[in-house]
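**Q** Turn this into a structure:
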Amino acid sequence: MPQLPDVFDSHPARDASLASMNAVESGDRATWLSLFADDAVIEDPIGPSPFSPDGTGQRGRAAIEAFYDNVIGPNEVRFRIESSWACGNEVANVGTITTTMPDGTVVHADGVFTYRIDDDGKVLALRAYWELDRLRFGD
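**A** Residues are numbered from 1 along each chain as shown. You can find the predicted model right below:
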């Protein structure tokens, strides 16, 4: 279970973000993928990165499945959310994602993680604001 702030009241977008974090932490690929609309986009991080050299992110079901299989699935991922701000059909969670890779390398990404949902509660956009040169390594 992700570490959450004292105030993390129910809100449709916040609930979707929590479902996403829970599915990632438990390694539940099917549940995680089911949270996304067919035309969703993941930008993690936003802009050009090793995960998206052209900076457009992962768009659509096949690209999101590949992102899970190549980036999320092989690793142990934990979330610590310090604060959360929900407005309209979006939420911005501020915190740290800690990833432990199969070789034991531990990487901490501090950032802001936003989720935008549609009227059915499906994630339309997951956008992560973090900087490669500010990653922290080690326990």
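**Q** Starting from the lengthiest helix in the chain, tell me the next helix or strand along the chain.
**A** Secondary structure of the chain read by DSSP state H shows that its longest helix is helix 12-26. Helices and strands here follow DSSP states H and E; after helix 12-26, the next one along the chain is helix 29-34.
**Q** Output the contacting helices and strands for the very next helix or strand once past that following helix.
**A** Taking DSSP H and E as the definition, the helix or strand that follows helix 29-34 towards the C-terminus is strand 36-43. Applying 3 or more CB pairs under 8 Å, 6 or more residues apart in numbering; DSSP states H and E, one finds that strand 36-43 contacts strand 58-59, helix 61-67, strand 123-129. From N, CA and C alone the C-beta is placed, and that goes for glycine too.
**Q** Next, the angle from the longest helix of the chain to strand 36-43.
**A** Counting by axes from the mean of the first three to the mean of the last three CA atoms, to 10 degrees, helix 12-26 lies at 80 degrees to strand 36-43.
**Q** Tell me the buried residues in helix 12-26?
**A** Of the residues in helix 12-26, those buried by neighbour count under the rule 16 or more other CB atoms under 10 Å are 12-21, 23-24.
**Q** can you list the residues that contact the strand or helix carrying Asp110?
**A** Assessed by DSSP H and E, Asp110 sits inside strand 106-117. Contacts of strand 106-117 from elsewhere in the structure, counted by CB atoms under 8 Å, 6 or more residues apart in numbering, are 12-13, 16-17, 20, 45, 89-101, 123-131, 134-139.
**Q** repeat for stretch 46-63
**A** Residues outside stretch 46-63 that contact it (CB under 8 Å, 6+ apart) are 33, 36, 38-45, 64, 66-67, 71, 127-129, 132.
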